[in-house]
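>>> After the sequence you'll find the predicted model.
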Amino acid sequence: MEYDIFPRIRERRLRKNQKIRDLVAEVSLNKNNLVQPLFIYPGENGMEEIRSMPGVCRMTIDRSLKFIGEGLASGINAYLLFGIPSHKDELGTEAYDEEGIIPKAVRTIKKEYPDAVIITDVCMCEYTSHGHCGIVVNGKVDNDVTLSYLAKTAVVYAKAGADIVAPSSMMDGQVKAIRDALDESNFKDTIIMSYSSKFASSLYGPFREAADSKPQFGDRKSYQMDYRSARTALREIELDIKEGADIVMVKPAMFYMDIITKAKEKFLVPLAVYSVSGEYSMIKAAAKNGWIDEDQVLWEYMLSLKRAGADIIITYYAKHLAEYLR
Ligand code: PBG
Ligand code: ZN
């Protein structure tokens, strides 16, 4: 009689101690899946902390070599490069100039570390005077005019030695335009990691400070996605795969875990997620105030991304995590 009040199935058995919990854990974090973003600017021996991202610096090419050397030693193999040009103009000329900041950085880094996986962001916003992700015609970001500029940019980066190009401007047809151009120039093995599902998010604020890429008029809502809809993200990913994307991405990651899970269920290509600048800043700010435990929160967040379905995680904490994992 009494017995009936005791449960037979006890979920707590599998939580008994750390070793048992480890035995049944569904996900883990592997350094091989982490990508470290880097902001590179012209000059020598320069390193500036980004005000809204304590612990993250923009740096010159020579200083990036040191940073990447240390990163490789701690097990971070992949780096996503963003350039801050010496000069901005209407057509974002420095994006696709072979002597521009990114091609120079890629050549220098690849010479020193041929095995580092170098990914280059392909977008116009860091290079245009108006700060938009495409070419502006009659006050509007013109989709089809922009495509040839993105394609040209990707080819220049591939030629410099980038392993992966990552188009992030959210122009329709950008993956196809880039794949065609790469193939024509005989860069058939250059990988495309598309920012397929990129939402118009307020979490990019600190990045825009870091890259000095705030739009000078209007906003990005006519090309980045509206966060009220999930299915548009799935359509974007489907299109990018059809156009030839090798890896697709969901961005931001925090607040968008439903998209990550749906994309993982629906598509079979590797899925990257971008834990963006604002996510970093929020965690860092709370940690600096002593309100949360930075490493514990970070660990919980990273494993939650894996559980949601992320294969690759792009995070400003990559190098920090590698040191923590050791
Ligand atoms: C360029 C680009 C942006 C980010 C990555 N690539 C900025 C933007 O779209 O405004 C944001 C990354 C971050 O916030 O960490 N289009
Ligand atoms: Zn952009």
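Yep, that arrived. Residues are numbered from 1 along each chain as shown. Ligands and ions are numbered 1, 2, ... in the order given.
>>> in the stretch 51-200 of the chain, which spans are strands?
Secondary structure of the stretch 51-200 of the chain by DSSP state E, counting those that start in this stretch: the strands cover 53-59, 78-83, 117-122, 136-137, 140-141, 164-167, 191-198.
>>> residues in contact with stretch 271-278?
Applying Cβ atoms under 8 Å, 6 or more residues apart in numbering, the contact partners of stretch 271-278 are 35, 52-53, 193, 195, 201-207, 210, 247-254, 256, 260, 263-264, 301, 305, 308-317. Just so you know, the C-beta spots here come from the backbone N, C-alpha and C atoms, and that holds for glycine as well.
>>> just to revisit the earlier point, of all the strands of the stretch 51-200 of the chain, which one comes closest to ligand 2?
Ligand 2 lies closest, by Cβ to the ion, to one member of the strands of the stretch 51-200 of the chain: strand 117-122, at 7.9 Å.
>>> from the chain's centre, how far out does that closest one sit?
9 Å (Cα atoms, centre = their mean, to the nearest Å).
>>> Just checking: what are the partner strands of it?
According to DSSP bridges, strand 117-122 has the following sheet partners: strand 78-83 (parallel), strand 164-167 (parallel).
>>> So is stretch 28-40 next to ligand 1?
No. Using Cβ under 6 Å from any ligand atom, we find that stretch 28-40 stays clear of ligand 1, coming within 6.6 Å at best.
>>> and that stretch, which residues are buried?
Neighbour counts over stretch 28-40 (16 or more other Cβ atoms under 10 Å) mark Leu29, Lys31, Asn33, Leu34, Val35, Gln36, Pro37, Leu38, Phe39, Ile40 as buried.
>>> With respect to Val117, which of these is nearest?
Distance to Val117, by Cβ to Cβ, is smallest for Val35 among the buried residues of stretch 28-40, at 8.1 Å.
>>> Alpha carbons of whichever helix or strand Ala272 is part of, as PDB, please.
Secondary structure from DSSP states H and E places Ala272 in strand 271-275. Output of strand 271-275 as PDB, limited to C-alpha atoms (Å, rounded to 0.1, in the frame of the first residue of the first chain):
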ATOM      1  CA  LEU A 271      24.700  25.100 -39.800                       C
ATOM      2  CA  ALA A 272      26.700  28.000 -38.400                       C
ATOM      3  CA  VAL A 273      25.200  30.400 -35.800                       C
ATOM      4  CA  TYR A 274      26.600  33.900 -35.100                       C
ATOM      5  CA  SER A 275      26.600  35.000 -31.500                       C
END
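>>> partner strands of it, parallel or antiparallel?
Using DSSP bridges, the strands paired with strand 271-275 are strand 247-251 (parallel), strand 312-315 (parallel).
>>> out of the ones you listed, deepest packed?
Mean neighbour count, computed with mean count of other Cβ atoms under 10 Å, is highest for strand 247-251 among these, reaching a mean of 25.
>>> Next, the angle strand 271-275 makes with the next helix or strand after it.
Remark: after strand 247-251, the chain's next helix or strand is helix 257-266, criterion DSSP H and E. Counting by axes from the mean of the first three to the mean of the last three Cα atoms, to 10 degrees, helix 257-266 lies at 170 degrees to strand 271-275.
>>> Give me the helices and strands touching helix 257-266, please.
Secondary-structure packing of helix 257-266 (3 or more Cβ pairs under 8 Å, 6 or more residues apart in numbering; DSSP states H and E): helix 231-243, strand 247-251, strand 271-275, helix 294-308.
>>> so can I have TSV of the ones you listed showing mean pLDDT and distance to Lys221?
Formatted as TSV, the helices and strands packed on helix 257-266 follow (pLDDT from 0 to 100; distance: least, Cβ to Cβ, whole Å):
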stretch	mean pLDDT	distance to Lys221
helix 231-243	98	13
strand 247-251	98	15
strand 271-275	98	19
helix 294-308	98	25
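>>> and the longest helix seen in the chain, what other elements does it pack with?
The longest helix of the chain (DSSP state H) is helix 143-160. If you count contacts as 3+ Cβ pairs under 8 Å, 6+ apart, helix 143-160 packs onto helix 101-112, strand 117-122, strand 164-167, helix 174-184.
>>> Show me the contact partners of the first one.
The contact list for helix 101-112, computed with Cβ under 8 Å, 6+ apart, reads 40-42, 61, 64-65, 68-69, 79, 81, 83-86, 94-95, 97, 116, 118, 120, 156-157, 159-162.
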